[in-house]
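> sharing a sequence plus its predicted fold:
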Amino acid sequence: MMRPLLLRSSLGCLVSGFGSFSGYRNKIVTQAAAATHLYCRKTMHYQTEERGHPNSPDYRIYFKTKEGSYISPFHDIPLIPEKEEGSGVPAKRAKQNEHEVLFNMVVEVPRWSNAKMEIATKEPLNPIKQDVKKGKLRYVANIFPHKGYIWNYGALPQTWEDPNHTDKDTKCCGDNDPIDVCEIGTLVCSPGQVIQVKVLGILAMIDEGETDWKVIAINAEDPDAKNLNNIEDVRKNRPGHLEATVDWFRKYKVPDGKPENQFGFDGHFKDKDFAVQIIKSTHEHWRALVQSQTNSGGIECKNTTCCNSPFTFSSAEARSLVQLAPPFGNRYPMSPEVDKWHFV
């Protein structure tokens, strides 16, 4: 039997209770000031702080609490949003049904953009950075008719696809990253934004022999969220979207000289219940990771809130670490090659 998921209480400790938590819709207010962007949500408040130069290898987006304490988006943002309390009474939100559960999603890449931004899993505090390969910044190609990423792309915090674990269905090990999310709503998000999403289904991509799950979800605040509750709703209400998603993931590395990606289940999407079970499993693997119960695979596990974790360090230590990063500077120009069309 699967153990219950562990979530962060108001004291920052890990507590049991996956089944007892339900999501609460978020309202995001973006307030820009210099290099700091404040995302105020109904249930939580996070700030992001830019360091380095955008479009350069030194660019980083760090995360902070509303009090200004630096945190890891990988380890310190809970998988399931915490309840907001006012005068001792939990906040309420309209739910489609009593079993609806929302998940926090950390947005790494806005829809239609090309820079391959990602949580830096092997750096302390796990800021968002642009991936680098062979000394060059990585951009996904525009594969006709698509422009960049075709959804808001990101990850679920407090999940980990364990490279030591072989999935019973795909027969492949995990890819050593948080589980990926394709948010298919109508709103374009920003890098570092934390939103609450409804899970609709999941796709099993096999990337160079590793299991790389792709959760299909929608922002709970999206105007279309009330109409999309499972993968069949997506198929009916967004004709061609799921097929485009498979096509995108199959071909996006081909312009780089790589072979097409493969898929488990013959490229068919699994339903919401299956997706939630995969999320539970990856959360269990993350818990073992931060409690040093498994081989870390090179993952940086420093955090500021996880009880029973040998990697917890103080807010002062976290601040000192961020201050070592270069200050925010001017945006560097992108190569014209980023806008090139590819026909594959």
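Arrived safely.
> contacts and neighbour counts: CA atoms only from here.
OK.
> tell me which helix or strand A318 sits in.
Taking DSSP states H and E as the criterion, A318 maps to helix 315-323.
> packing partners of that helix?
strand 70-71 (3 or more CA pairs under 8 Å, 6 or more residues apart in numbering; DSSP states H and E).
> what lies in contact with the strand it packs on?
62-65, 77, 125, 303-304, 315, 318-319 (CA atoms under 8 Å, 6 or more residues apart in numbering).
> what strands flank that strand, and is each parallel or antiparallel?
Using DSSP bridges, the strands paired with strand 70-71 are strand 60-65 (antiparallel).
> could you tell me the angle between the partner strand and helix 315-323?
160 degrees (axes from the mean of the first three to the mean of the last three CA atoms, to 10 degrees).
> can you give the distance from strand 60-65 to the centre of its chain?
Relative to its chain's centre, strand 60-65 lies at 14 Å (CA atoms, centre = their mean, to the nearest Å).
> how about the contacts of strand 70-71, which pair is most distant?
When CA to CA is used, the two most widely separated members of the contacts of strand 70-71 are I77 and R319, lying 17.2 Å apart.
> ok, the contacts of strand 70-71 vs H146, which is closest?
Nearest member of those to H146, counting by CA to CA, is Y62, at 29.7 Å.
> that closest one: neighbour count?
23 (other CA atoms under 10 Å).
> quickly list what it is bridged to.
E49.
> equivalent analysis for Q196, please.
N104.
> repeat for G154
V107, V181.
> which residues of this structure score low on pLDDT?
Across the chain, the ranges flagged by pLDDT under 70 are 1-44, 83-99.
> quick check, central residue of it?
A155 (1.3 Å; CA atoms, centre = their mean).
> that one reaches V106, doesn't it?
Yes - counting by CA atoms under 8 Å, A155 sits close enough to V106 to count as a contact (5.4 Å).
> contacting residues around S72?
Residues in contact with S72 (CA under 8 Å, 6+ apart) are 62-63, 125-127, 302-304.
> so which bits of the helix holding A318 are buried?
315, 318, 322 (16 or more other CA atoms under 10 Å).
> swap in stretch 227-244?
228-232, 234, 242.
> export these to a markdown table and tack on secondary structure?
Shown next, in a markdown table, are these (DSSP: H, G, I helix; E, B strand; the rest coil):
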| residue | secondary structure |
| --- | --- |
| L228 | coil |
| N229 | coil |
| N230 | coil |
| I231 | helix |
| E232 | helix |
| V234 | helix |
| L242 | helix |
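> widest-spaced pair of these?
Pairwise over the buried residues of stretch 227-244, using CA to CA, the maximum falls at N229 and L242, 14.7 Å.
> how many residues are close by F343?
F343, neighbours per other CA under 10 Å, totals 10.
> against H241, how distant is it?
Separation of F343 from H241 (CA to CA, to the nearest Å) stands at 19 Å.
> all helices of the stretch 201-344 of the chain, in order?
231-237, 241-251, 272-290, 315-323 (DSSP state H, counting those that start in this stretch).
> please compute how far the shortest one lies from its chain's middle.
Relative to the mean C-alpha coordinate of its chain, helix 231-237 is positioned 22 Å out (CA atoms, centre = their mean).
> quick one: the closest residue to N295 other than its chain neighbours from F311, how far?
Among residues not flanking N295 along the chain, L289 sits closest, at 7.2 Å (CA to CA, 6 or more residues apart in numbering). Look at L289 and F311: by CA to CA, they are 10 Å apart.
> overlap in contacts of these two?
Taking CA under 8 Å, 6+ apart as the criterion, L289 and F311 both touch C301.
> which one's more surrounded, the two?
Between L289 and F311, counted using other CA under 10 Å, the more crowded position is L289 (22 against 16).
> report the contact partners of that one.
Contacts of L289 by CA under 8 Å, 6+ apart are 295-296, 301.
> who wins for most neighbours among those residues?
Counting neighbours by other CA under 10 Å, C301 leads the contacts of L289 with 25 neighbours.
> wait, that residue touches R287, no?
No - C301 is beyond contact range of R287, at 10.7 Å (criterion: CA under 8 Å).
> for I128, which non-adjacent residue is spatially closest?
Spatially, and ignoring its direct neighbours in sequence, I128 is nearest to I119 (4.3 Å; CA to CA, 6+ apart).
> quick one: contacts for the one you found?
I119 neighbours (CA under 8 Å, 6+ apart): 73-74, 108, 126-129.
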